[in-house]
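# next come a sequence and a model predicted from it.
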Amino acid sequence: MVDIVRRYPGQLAKPAFQRRAGMRQFVRRRTTIAFLMCLPLIVIVAGLIIYPALYSIFLATLNKAQTRFLGLGNFSYLLSRDTFWMVIEQSAIFALTAVFFKALIGLVTAHLVNNLPSKGQRKWRGMLLVPWVIPLALSTLGWWWLFDPTHSAFNWLIRGFGGTDVPWLSDPYWARFSVILVNVWYGAPFFLIMYLAALKSVPEQLYEAAQIDGANAWQRFLHITLPMMQNIIAITVLFSLIVTFANFDIVQIMTAGGPRNMTHVFATYAFLLGIRSGDLPLGAAVSLFMFPILAVSAVFILRGVRKRGREIG
Amino acid sequence: MADVALRDVVKRFDEVEAVRNISLNIPDSEFVVLVGPSGCGKSTTLRMIAGLEEVTEGEILIGGNVVNDVPPKDRDIAMVFQNYALYPHMTVFENMSFGLRLRRTPKAEIRARVEQAAKILDITELLDRRPKQLSGGQRQRVAMGRAIVRNPKVFLFDEPLSNLDAKLRVQMRTEIKRVHQKVKTTTVYVTHDQVEAMTLADRVVVMNGGRIEQIGRPHDLYHRPKTHFVAGFIGSPAMNFLPARLQPNGEALMLRLSPELAFPVPPAHAARYRPSVGKDLIFGLRPEHITEPRGEERDPRYEFSMTVDVIEPMGMETMVFFTVHGKEVCARVEPTAAKPPGQPIRLYANLNHMHLIDPATESVL
């Protein structure tokens, strides 16, 4: 459909009835209809994402009382604080470790489920998706009870085997381990379902051709499955990296950033400074630190995805 | 290179018997084509030779060794698939060298072998491209290159030309034949296209319903089919079939096709057909044996007149369709002899090439 309207030099302005017809034509255009249909979503995105994002940038440049413009003052203050550097380190460890294990477990289980006979596959798929379907706050509370130092099921089991109690949430390193474990438990099914779909889209004949070419099971995985899934892996890792970096619920419910701020991630630290301590501009500055890190990784990952997409088709 | 043998091979998928007790010997260097309609078991047979399907019963031998339990990678075979199955993330060079790289062949040798195969197939300039950047014909060549480069004992082709357009199919057919003449590797080729089978094969194996109907050289299958199915399947346009009855006519025999149409059986066939006198039979005659009356020495008893239903001009010749006792019959006449639909045409049936089929056994008498 062509949406170009040309007016040539010397052409007179159209009379009213012609303008009305032109208006009707404009409203009937497919691009106009498409835009009008998307408008509610655009308004919601603008109201709930773009406006708060721009407002938080503005907020991050103000003092605590929001009365004075500080420029990059909040950012330089944060960078001078050891706690903030620990939050950066902890966020990176949390996100990278959790995403790595989610991807690995997702890949292995996707392979296992894919190799199940088709009759039993649906049942297993459903069961393995349960962690992802349960409301996160609810399941995290369940984990919190499991990690309880005195009444927890885990410590009861360890004691049963003759071991000593593990301070799951009170020791900084065990607490880090625990929040990562829960994040992996929650997020792995998403990888499973994405990888399972990707596995099913690899043509069976490629495996047969590789088999005839002399590839064993591991070589088929290395030379056929992995390259064919590369784009899905990249996109799921990127998506999960964004979501995990911005994770709030698990850490907040299980440790609230403690002990000794050792499990804080960007979101919980921003909440601590902005809401709990009442310094909204500083909290906004913390949350804005995530943006360049994720934007840079998104650019690189998506560039790779586009390149492979062009090559493989 | 090696010979291939199938001994009483059966393949069942649950309750369905896809291949029923077939035996076949393919000597070293031979080009054998398995041909038949969809679902006849030809691809399953090929996949069993490749090791991609397990054999339910019987034995498959390659180079004299039973390979039933040998995985595909250890059978030293190469296969070209219908949709080529090229690895989309690899270049043509990487596709062709994949098998050699897995076998840890020295790099210099890999390069030499790939380049030699590329030269044979005229794809040297495509080695750095990816499959997506190739046309259907080029992909087909690369798939063949991947097979050639390994120098396997046996080539297996699974309907490799089905995805190509008609013109390219003819070109690639010649290409495959040329490559086989050069490398002389034992080849098993599966197709549903009988023209492909006839043009490529040293021997054709016609399959139907999981069984082998007939094995023979293309010329033998065409001129001496053993069953009703083979007679009808081989040849394009297909052989004409009409219900018939043999009647004694003194020392000779008469072949009655309809109340109005009857021909004397040529003396050379009379003795063979005499035991079938009085039985319901099927008469078969190829379109090229029903022509306009030609030559001076023709026997006028085989001339007859019919009304033309449809004509199909092919350029070199014209197909003329007419009806005998409710059955459609095709004749192949010179373009100048063809008459428009509705007009009578004088034709000549060369019964020296006739076939009679017993409908009870479906075998050619």
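Nice, I can see it.
# B:Ala349 reaches B:Gly284, doesn't it?
No. In this structure, B:Ala349 is not within contact of B:Gly284 by CB atoms under 8 Å, at 11.8 Å. C-beta coordinates here come from the backbone N, C-alpha and C atoms, glycine included.
# contacting residues for the closest residue to chain A within the stretch 251-365 of chain B?
For the stretch 251-365 of chain B and chain A, the shortest gap (CB to the nearest CB) falls at B:Glu362, measuring 35.7 Å. When contacts are counted by CB atoms under 8 Å, 6 or more residues apart in numbering or on different chains, B:Glu362 touches B:Thr227, B:His228, B:Phe229.
# change it to 6 Å
B:Thr227, B:His228 (CB atoms under 6 Å, 6 or more residues apart in numbering or on different chains).
# show me which residues of the stretch 101-250 of chain B sit near chain A.
B:Leu102, B:Arg103, B:Arg130, B:Lys132 (CB under 6 Å from any CB of the partner chain).
# change it to 10 Å
Proximity of the stretch 101-250 of chain B to chain A (CB under 10 Å from any CB of the partner chain) is limited to residues B:101-103, B:130-133, B:143, B:146-147, B:150, B:152, B:156, B:158.
# list the buried residues for the helix or strand where B:Ile148 lies?
Taking DSSP states H and E as the criterion, B:Ile148 maps to helix B:136-149. When neighbours are counted by 16 or more other CB atoms under 10 Å in any protein chain shown, the buried residues of helix B:136-149 are found to be B:137-149.
# between the residues you listed, which is nearest chain A?
Distances from chain A to the buried residues of helix B:136-149, taken by CB to the nearest CB, are shortest for B:Arg146, at 7.5 Å.
# I'd say the closest one and B:Tyr84 touch.
Yes. Applying CB atoms under 10 Å as the test, B:Arg146 and B:Tyr84 come out as touching, 8.9 Å apart.
# quick one: common contacting residues for the two?
Shared contacts of B:Arg146 and B:Tyr84 (CB atoms under 10 Å, 6 or more residues apart in numbering or on different chains): A:Ala209, B:Asn95.
# quick one: the helices in the stretch 51-200 of chain A?
A:51-59, A:73-79, A:82-114, A:118-128, A:130-133, A:136-146, A:153-160, A:172-200 (DSSP state H, counting those that start in this stretch).
# and the third one with chain B, contact?
In this case it means helix A:82-114. No. Remark: helix A:82-114 sits outside contact range of chain B, by CB under 10 Å from any CB, the gap being at least 17.5 Å.
# got the contact list for residue 151?
Assuming you mean chain A. A:Trp145.
# looking at chain B here, not the other one
Contacts of B:Asn151 (CB under 10 Å, 6+ apart): B:Met1, B:Asp76, B:Ala78, B:Leu100, B:Arg113, B:Ala117, B:Val183, B:Thr185.
# same check on B:Met90?
A:His223, A:Ile224, A:Pro227, A:Glu311, A:Ile312, B:Met96, B:Ser97, B:Phe98, B:Arg130, B:Pro131.
# count the neighbours of the second one for me.
Right, the one you point to is A:Ile224. Residues near A:Ile224, counting by other CB atoms under 10 Å in any protein chain shown, number 22.
# now swap in A:Leu54 and tell me
11.
# how much space separates A:Arg276 from chain B?
Computed as CB to the nearest CB, to the nearest Å, the A:Arg276 to chain B distance reads 50 Å.
# please name the nearest non-neighbouring residue to the most centrally placed residue in chain A.
Note on chain A: the residue nearest the mean C-alpha position is A:Val243, at 2.2 Å, using CA atoms, centre = their mean. Nearest residue to A:Val243, sequence neighbours excluded (CB to CB, 6 or more residues apart in numbering or on different chains): A:Gly187, at 7.6 Å.
# need the three-state assignment for B:Phe155.
Secondary structure, DSSP: H, G, I helix; E, B strand; the rest coil: B:Phe155 is strand.
# who does it form a beta bridge with?
Taking DSSP bridges as the rule, B:Phe155 bridges to B:Ala78, B:Thr187.
# I'd assumed B:Val183 was in contact with it.
Yes. Using CB under 10 Å, B:Phe155 is in contact with B:Val183, at 8.3 Å.
# so these two - more neighbours on which side?
Using other CB under 10 Å as the criterion, B:Phe155 and B:Val183 rank with B:Phe155 on top: 24 against 17.
# what about the closest residue to chain A within the stretch 101-250 of chain B, neighbour count?
Among the residues of the stretch 101-250 of chain B, B:Lys132 lies closest to chain A, at 3.9 Å counting by CB to the nearest CB. Using other CB under 10 Å, B:Lys132 is surrounded by 13 other residues.
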